[in-house]
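A.B. asks: what's the 3D shape of this:
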Amino acid sequence: MKLRIALVLVLLALATGVRADVPAEHRIYLPMVVSDWYPEVAPARTYMPVGSVARYADSSISFTGVVAGLQTLVIIGITIPQYILDFFPAADFRLVQGDNYASGYVLIGVAYPYDNDYLIFTIPSYIGPGCANKLVLYDPDGEQVIAEAWFDSSGIPPMPEPDPWPGEPPVLPEGATMQDEVSYWVARAAEWEAR
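C.D. replies: Down below sits the predicted model:
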């Protein structure tokens, strides 16, 4: 019974979010996890090497983004006070390549203040090499960069090139069925695994 009550409270908090007008001593801070399930195979390469870190810290805003896997980005230590959101109510976190801020991949809108919180994201495979090199807190209304951090991959060995699929595409005889093609690929997969 306690587990059901806890689950309902967690779902309610995630569904409604933490309201800024609730006094701080009555707020319930839960780790905000934002993740979409993409029914796809993880890419062989990602936008930055796994282990790359983007850090930003000043007197009021701080965050650290970590490329935690081929499709996983974790932002930890997020601190954004309410007065920043008063100035930039449409602020969001996004992945950006170079100075192309307006067309960056939007991760999440910043709806309430953060105090040493974290977020977890599943990044789609089309965000590959050359698509992002910065984690940015951006205001799309005023087209203004609030905070930006470059991903640093120094000390991380370069990603190896993925092995190509062995052999050429199948040349099946005229009139071959779908089952013939499936059988061909199953045999090729067995050869690949045996290597």
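A.B. asks: for this protein, longest helix please?
C.D. replies: Criterion DSSP state H: the longest helix present in the chain is helix 178-194.
A.B. asks: Name the next helix or strand downstream of the host helix or strand of T64, please.
C.D. replies: Assigning secondary structure by DSSP states H and E places T64 in strand 62-69. Using DSSP H and E, the next helix or strand after strand 62-69 towards the C-terminus is strand 72-80.
A.B. asks: ok, and what's touching that following strand?
C.D. replies: For strand 72-80, contacts defined as Cβ atoms under 8 Å, 6 or more residues apart in numbering pick out 60-68, 91, 93, 95, 107, 110, 113-123, 135, 137. For every residue, glycine as well, the C-beta is placed using N, CA and C.
A.B. asks: hmm, try it at 7 Å
C.D. replies: Contacts to strand 72-80, defined as Cβ atoms under 7 Å, 6 or more residues apart in numbering, come from residues 61-68, 93, 110, 113-123.
A.B. asks: Also stretch 142-150?
C.D. replies: For stretch 142-150, contacts defined as Cβ under 7 Å, 6+ apart pick out 54-56, 61, 65, 84, 88, 91, 101-102, 133-139.
A.B. asks: Can you give the domain ranges for the chain?
C.D. replies: Segmentation of the chain into domains, based on automatic domain parsing, reads 1-30, 31-150, 164-195.
A.B. asks: list the contacts for R55?
C.D. replies: Residues near R55 by Cβ under 7 Å, 6+ apart: 64, 149.
A.B. asks: What is the burial count for E191?
C.D. replies: 11 (other Cβ atoms under 10 Å).
A.B. asks: on that earlier part again, ok, of the contacts of stretch 142-150, which come out buried?
C.D. replies: The neighbour count (16 or more other Cβ atoms under 10 Å) marks 54, 56, 61, 65, 84, 88, 91, 101, 133-139 as buried among these.
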